[in-house]
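Colleague: Let's see this in three dimensions:
(one chain, ligands or ions: 2)
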Amino acid sequence: MSLRTAISLFLEEYPEAIKKPFSGNAVADFIRNEIPIIIEKIIDKNPRYLVNGSAGQGNWAKAPWAAVYDRFITESAQDGYYIVYLVKEDFTGVYLSLNQGVTSVRKQYGSKAKLALRVRAADFVARIGKLPTGVTTGEIDLNSSDSSNLSSLYEAGSICSKYYPLTLIPTDEELASDLQAFINIYYLLMSRETQLYERIDAEEEGLQLDEEDFRKLREHKHLERNRKLASRAKKIHGYVCMACGFDFEKKYGGIGKEFIEAHHLTPISDLKGQLLKLDPRKDFAVLCSNCHRMIHRTSLVNNISGFKTKHVLDNNT
Ligand SMILES: [Zn+2]
Ligand SMILES: [Zn+2]
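Modeller: Ligands and ions are numbered 1, 2, ... in the order given. Prediction:
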């Protein structure tokens, strides 16, 4: 079955199905078990994403939904933010929406939940920047029958969305490319959020960074996380801290074997457009976790022997 057929089923079969008992119902079963398989196929079964479909728990939900969670952000419809197909309560159409876990927001904000959802949605939108054509921001209209039910919270929680009216459901190709576009937006938000945390980490460590310093630090960390480069640097330089002589294997035995951190030496501003020429021998050092954090608190970040002389106090190597 295709996604297009699945969406029609949401809209056409569901209103009939809910007149029958929930337990053991084939339509409810289909939404729970088959729809996730259809969606997983479109996103290449990427294990990063978890897909869920629901027609309610124990009882029919007013409207069925299917969600895609980035496991780095959430694994449930209650928290975080995620991609979700939401059906209008009058079954005249379906939204593809990047939306929020409204349950946890309601728990936290009570009667002010809608306001909180709107504020957060606007904040997410600001972080996305330019949206693909056809994707709109702002509240959606699920025709909710009650101003405090879940549908009504999802209306306020929508970050960006695309609407498919029952009379005009696009081709499977278009549905798939829309879903892919939402996956990209979702991923972008996640990675920008990570940058935000890195900034908070840096600030918590007491590093006073202006915009330019922060950009350099971020690029520096990215380089060090480049596995290929880092592991070549480690093979070349060995697994003993070049500043203090700490040896993880000596201290921790087997779990410390070949553990060390790669630290990038060449100032980033000198590297414009030359990342491919990075030399793991010349441009990297290896440091234990303590020295690595400490060297970033000094102005000797590119100078191991200077750091060693000035800051490694019980220097016995
Ligand atoms: Zn060290
Ligand atoms: Zn470093």
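Colleague: And the contacts of stretch 64-78?
Modeller: For stretch 64-78, contacts defined as C-beta atoms under 8 Å, 6 or more residues apart in numbering pick out 6, 10, 14, 31, 35-36, 39, 43, 48-56, 80-87, 101, 103-104, 179, 182-183, 186-187, 190. All C-beta spots, glycine's among them, are computed from the backbone N, C-alpha and C.
Colleague: neighbours around residue 65, how many?
Modeller: 25 (other C-beta atoms under 10 Å).
Colleague: for it, phi and psi?
Modeller: When quoted as degrees, to the nearest 10, the phi and psi of residue 65 stand at phi -150, psi 160.
Colleague: Spit out the contact partners of residue 54.
Modeller: In this structure, residue 54 makes contact with 31, 32, 61, 64, 65, 66, 77, judged by C-beta under 8 Å, 6+ apart.
Colleague: Please name the residues that touch the most centrally placed residue in the chain.
Modeller: Taking C-alpha atoms, centre = their mean, the centroid of the chain lies closest to residue 190, which sits 3.1 Å from it. When contacts are counted by C-beta under 8 Å, 6+ apart, residue 190 touches 70, 72, 73.
Colleague: Okay, now the unreliable bits of the stretch 151-300 of the chain?
Modeller: When residues are selected by pLDDT under 70, those of the stretch 151-300 of the chain lie in 194, 196-197, 200, 204, 268-277.
Colleague: Please enumerate the strands of it.
Modeller: When assigned using DSSP state E, counting those that start in this stretch, the strands of the stretch 151-300 of the chain occupy the ranges 160-165, 261-264, 284-287.
Colleague: Provide the contact partners of the first one at residue level.
Modeller: Going back to what we said before, that points to strand 160-165. By C-beta under 8 Å, 6+ apart, strand 160-165 touches 7, 92-99, 125, 128, 131, 134-137, 140, 170, 175, 178, 182, 185.
Colleague: let's go with 6 Å and repeat that
Modeller: Contacts with strand 160-165, where a contact means C-beta atoms under 6 Å, 6 or more residues apart in numbering, come from 93, 94, 95, 96, 97, 98, 131, 134, 135, 137, 140, 178.
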